[in-house]
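Colleague: Here's my sequence, what's the structure:
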Amino acid sequence: MKENVVQTKSYAFAIKIVNTFKMLQSEKKAYILSKQLVRSGTSIGANIEEAIGGQSKKDFFAKLTISYKEARETKYWIRLLTDTDYLTKQQSEPLLKEIEELLRIIGSIQKTIRNSNS
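Modeller: Next comes the predicted model:
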């Protein structure tokens, strides 16, 4: 079976987000912000999984759109945690690089679907 790149990358990213959350919790830092980060960061892959199991192209696209929105939200929380000194640049830069890659991949899939429907 061919590897699904967005599925693999979103799952690997979710693991990094959970580990970041655990680090923030162990240091008793930014409880509310870190909960928001873990919710949106793990939701990306969860919605991709739901999209893959979608019952129609429309269902697939809807779940993918949610995944894209969650990725944008995750980027926001990473930036906020960095700019408020809960995460260092060294901690956040790899996460920001990965979230940008996920946004490009998901956005490209959305564009392909839109173009095939027109």
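
Colleague: next SSE after the helix or strand that residue 24 is a member of?
Modeller: In this assignment (DSSP states H and E), residue 24 forms part of helix 5-26. Remark: after helix 5-26, the chain's next helix or strand is helix 31-52, criterion DSSP H and E.

Colleague: Tell me the buried residues in that next one?
Modeller: Of the residues in helix 31-52, 33-34, 36-38, 40-48, 50-51 count as buried by neighbour count, 16 or more other Cβ atoms under 10 Å. (Glycine included, C-beta is placed from N, CA and C.)

Colleague: Also stretch 70-82?
Modeller: 70-71, 73-75, 77-78, 81-82.

Colleague: got a list of contacts for that stretch?
Modeller: 17, 24, 30, 33-34, 36-37, 40-41, 43-44, 47, 87-89, 91-92, 95-96, 99-100, 102-103, 106 (Cβ atoms under 8 Å, 6 or more residues apart in numbering).

Colleague: Tell me who's in contact with the nearest residue to residue 50 once chain neighbours are set aside.
Modeller: If you skip the residues right next to it in sequence, residue 50 has residue 63 as its closest partner in space, 4.6 Å away by Cβ to Cβ, 6 or more residues apart in numbering. For residue 63, the contacting residues are 47-48, 50-51, 54, by Cβ under 8 Å, 6+ apart.

Colleague: Return the list of helices and strands in contact with the longest helix belonging to the chain.
Modeller: Scanning the chain for the helix with the most residues, using DSSP state H, yields helix 89-117. With contacts taken as 3 or more Cβ pairs under 8 Å, 6 or more residues apart in numbering; DSSP states H and E, helix 89-117 sits against helix 5-26, helix 57-83.

Colleague: cutoff 10 Å now
Modeller: Packing contacts for helix 89-117, counted by 3 or more Cβ pairs under 10 Å, 6 or more residues apart in numbering; DSSP states H and E, involve helix 5-26, helix 31-52, helix 57-83.

Colleague: tell me the angle it makes with helix 31-52.
Modeller: Here the directions of helix 89-117 and helix 31-52 differ by 30 degrees (axes from the mean of the first three to the mean of the last three Cα atoms, to 10 degrees).
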